[in-house]
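Novice: Sharing a model that was predicted from the sequence below.
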Amino acid sequence: MILALAGGLILVALALLFTAYQAAVPKVDPRLSNSLPDAPEGCSAGLRSKIAWGVATSAYQVEGGWNEGGRSPSIWDTFSQTPGNVFGNHTGNLAADHYHLYKQDIKLMVALGVKHYRLSLSWSRILPGGGRGTQPNPVGLRFYKNLLQELHAAGITPVVTLCHMDLPQVLQDTYGGFLDHQLSDDFAYYADIVFEHFGPYVKHWLTFNEPMSICQLGYGVGIYAPGIERGSYGHYRCGHTLLLAHAKAVQLYRLKYQQSQGGRVSMVLSAHWGLPKDPKSKQDVNASEVYMQFQLGWMADPLLFGDYPEVMRLSQKNLPRFKESERKLLAGSVDFFAVNYYTSHFVSKPPMGAPADQLYEESLTDASGQYPGEFTDTFWQFVAPDGLRSTLNWISERYRRPEIWVTENGVASQGEATRSRRDLLRDINRLDFYRDHLDSLCTAVTKDNVNLAAYFAWTLMDNFEWTDGYRARYGIVHVDRGSPKLTRYPKLSAYWLSHHFFRYAPDSIACLEIRSCRSTRQSLLPVR
């Protein structure tokens, strides 16, 4: 009775908020509609009406309010506030001030027709003590509850990531963060709090974002927070802990919350597509396949099959081993396949004299010195839309055609930070990027039979881009950092995505092919 009453009160509150939004949403200039470039040829109106198109952000990159409302520091607070770690010594202290401006940002999304929004929660804002035995922060809980209620009132479906690289610093200080198995239990404790408080508002959960960035860059080479240089040991130990943390959180959700809340859970992986440096070389072609297993299979094989790829188990001496009980816990611990795609790199056989555990060489140019595509504002990203189609096909073939979500895809246009506002708002390069990548994505669906359900553009607005600070601009909305209120201005790419994709999206995220998703879940993703 109490639960039913509480549910009724939530519905009434959301209805009142939705009514208020109808009179408060800003208008998007309608004159642009007739002058925008056409939708990609491969993306028919019918197909665009079946896929959930949305935008993505993350807590540390947009929220700001780093020391407000009882929030404790994350590893990215510590890392960015240390001089020399980030371009221009920029920090996420203010970011895009979404912590104070979230209502304004939601109205902007409504004006653009956005119906699906991927966001993340700040672990240290919700649980300042980090782990087991510590108390949740009521101010942090209230902030996210208000945010989620506003999203629902605006008709926007939230997709929520529990940890988008911003581990509480206290856990790093106490036992070394992801290098210690204790983190898996602390993450499950944190996840339990999140599921309990926000489950009524969220049906789509993501545990972690980009283990490759967290582990290889953060604990292997040390160029990302927390800046630990432990080589392959740190890289693989971090990934092992992260996988077990994910599995424990998913088991908790399925046993305690899934029946009543009806949600689904996955983890966001990432990969560059591996192009053979010399397509005529069988060794380079084989090395490219191995590269993809190291890029995606490292995490995806355990999540779907219960163990690391064989090629990794046989060659990587620092790769930990799973117990049988852990393999059972991991296998089928995702309800859909979530992947971020940005670019392609070239791959060749390892050079002469390479260590025995080096099975490939990654490079930015092919045998003739050509790059994979046009330059962007980051050294590692090139415009390579065909790589998206190839990545989707690789996933579909290796993992028996799962339901796939592209959870990030976007570009930092060259020199945007130095342009005038009038010039940067005409972001033709970014519009072209999206047109070509979405054409590639739609072709993967229509011609290759890939089972795609959702796509999220990275990112809604210019934000703190990790070690690039505020120099690299990925937003479809410009944030004027020179204005007192960080004024937002939609770019041309935002209008184009709005006109051709966001407004076509269905209201809910469902499988493109319901039957295939059901069969995939039965064969690959058992509920434990």
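Specialist: Nice, I can see it.
Novice: where exactly do the helices run in the stretch 51-200 of the chain?
Specialist: Ranges of helices within the stretch 51-200 of the chain are 59-62, 75-80, 98-111, 123-126, 138-153, 169-175, 182-198, based on DSSP state H, counting those that start in this stretch.
Novice: Let's have those helices in CSV, adding distance to residue 451 and mean neighbour count.
Specialist: Every residue, glycine included, has its C-beta placed from N, CA and C. As requested, the helices of the stretch 51-200 of the chain are exported to CSV (distance: least, CB to CB, whole Å; neighbours: other CB atoms under 10 Å):
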stretch, distance to residue 451, mean neighbour count
helix 59-62, 30, 27
helix 75-80, 34, 24
helix 98-111, 27, 20
helix 123-126, 32, 28
helix 138-153, 27, 18
helix 169-175, 37, 20
helix 182-198, 27, 20
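Novice: surely residue 231 meets residue 220?
Specialist: Yes. Between residue 231 and residue 220 a contact is recorded at 6.0 Å, counting by CB atoms under 8 Å.
Novice: Ramachandran coordinates for residue 115?
Specialist: phi -110, psi -10 (degrees, to the nearest 10).
Novice: measure it to residue 460 for me?
Specialist: According to CB to CB, to the nearest Å, residue 115 and residue 460 sit 13 Å apart.
Novice: how many other residues sit next to the nearest residue to residue 170 once chain neighbours are set aside?
Specialist: Leaving aside its sequence neighbours, residue 170 sits nearest to residue 130 (CB to CB, 6 or more residues apart in numbering; 4.3 Å). Neighbours of residue 130 under the rule other CB atoms under 10 Å: 25.
Novice: give me every residue that touches residue 130.
Specialist: Shown in contact with residue 130 (CB atoms under 8 Å, 6 or more residues apart in numbering): 72, 123, 124, 168, 170, 171, 174, 186, 190.
Novice: helix/strand/coil for the closest residue in space to residue 363 that isn't next to it in sequence?
Specialist: With sequence-adjacent residues excluded and distances taken as CB to CB, 6+ apart, residue 363 is closest to residue 346, at 4.9 Å. When classified by DSSP: H, G, I helix; E, B strand; the rest coil, residue 346 comes out as strand.
Novice: To what extent is residue 346 buried, counted in neighbours?
Specialist: Neighbours of residue 346 under the rule other CB under 10 Å: 23.
Novice: residue contacts, it?
Specialist: Going by CB under 8 Å, 6+ apart, the list of residues near residue 346 reads 274, 275, 276, 277, 362, 363, 364, 365, 366, 372.
Novice: ok, it to residue 213 distance?
Specialist: Residue 346 sits 21 Å away from residue 213, going by CB to CB.
Novice: can I get the helices of the stretch 51-200 of the chain in a markdown table with mean pLDDT and distance to residue 270?
Specialist: A markdown table is the format used below for the helices of the stretch 51-200 of the chain (pLDDT from 0 to 100; distance: least, CB to CB, whole Å):
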| stretch | mean pLDDT | distance to residue 270 |
| --- | --- | --- |
| helix 59-62 | 98 | 15 |
| helix 75-80 | 98 | 17 |
| helix 98-111 | 98 | 23 |
| helix 123-126 | 99 | 20 |
| helix 138-153 | 98 | 25 |
| helix 169-175 | 98 | 22 |
| helix 182-198 | 98 | 19 |
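Novice: Pipe these into TSV and attach distance to residue 382 per row.
Specialist: Formatted as TSV, the helices of the stretch 51-200 of the chain follow (distance: least, CB to CB, whole Å):
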stretch	distance to residue 382
helix 59-62	22
helix 75-80	26
helix 98-111	29
helix 123-126	33
helix 138-153	34
helix 169-175	33
helix 182-198	34
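Novice: who wins for proximity to residue 90 among these?
Specialist: helix 75-80 (6.9 Å; CB to CB).
Novice: list the helices and strands that closest one packs on?
Specialist: Contacts defined by 3 or more CB pairs under 8 Å, 6 or more residues apart in numbering; DSSP states H and E place helix 75-80 against helix 169-175.
Novice: For the helix it packs on, which outside residues touch it?
Specialist: Outside helix 169-175, the residues touching it (CB under 8 Å, 6+ apart) are 72-75, 77-78, 124, 128-131, 177, 182-183, 186, 226.
Novice: For the stretch 301-450 of the chain, which segments count as helices?
Specialist: All helices of the stretch 301-450 of the chain, identified by DSSP H, counting those that start in this stretch, fall at 310-315, 324-330, 386-398, 421-425, 428-446.
Novice: Would you enumerate the residues in contact with residue 249?
Specialist: Counting by CB under 8 Å, 6+ apart, residue 249 has contacts 162, 187, 188, 191, 207, 265.
Novice: Which strand or helix spans the nearest residue to the fourth one once chain neighbours are set aside?
Specialist: In space, not counting the residues next to it along the chain, residue 191 is nearest to residue 249; the distance is 3.9 Å by CB to CB, 6+ apart. With elements taken from DSSP states H and E, the one containing residue 249 is helix 231-256.
Novice: List the buried residues for that helix?
Specialist: 234-254 (16 or more other CB atoms under 10 Å).
Novice: For the chain, which segments count as strands?
Specialist: 52-56, 116-120, 157-163, 204-209, 264-276, 337-348, 361-363, 374-375, 382-383, 404-408, 452-458, 477-479, 488-490 (DSSP state E).
Novice: Now do the third one and strand 452-458, the angle between them.
Specialist: Orientation check (axes from the mean of the first three to the mean of the last three CA atoms, to 10 degrees): strand 157-163 against strand 452-458 gives 70 degrees.
Novice: Output strand 157-163 as CSV, nothing but the C-alphas.
Specialist: Presented in CSV, the C-alpha positions along strand 157-163 are these (Å, rounded to 0.1, in the frame of the first residue of the first chain):
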residue,chain,number,x,y,z
THR,A,157,14.6,8.7,-21.0
PRO,A,158,17.7,8.6,-18.8
VAL,A,159,20.4,6.0,-19.4
VAL,A,160,22.7,6.1,-16.3
THR,A,161,26.3,5.2,-15.9
LEU,A,162,27.3,4.4,-12.3
CYS,A,163,31.1,5.2,-12.7
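Novice: for the record, mean pLDDT for the helix holding residue 249?
Specialist: Computed over helix 231-256, the mean pLDDT rounds to 98.
Novice: Ok, stretch 331-348 next?
Specialist: pLDDT averaged over stretch 331-348 gives 98.
Novice: Then stretch 438-456?
Specialist: So the average pLDDT for stretch 438-456 ends up being 98.
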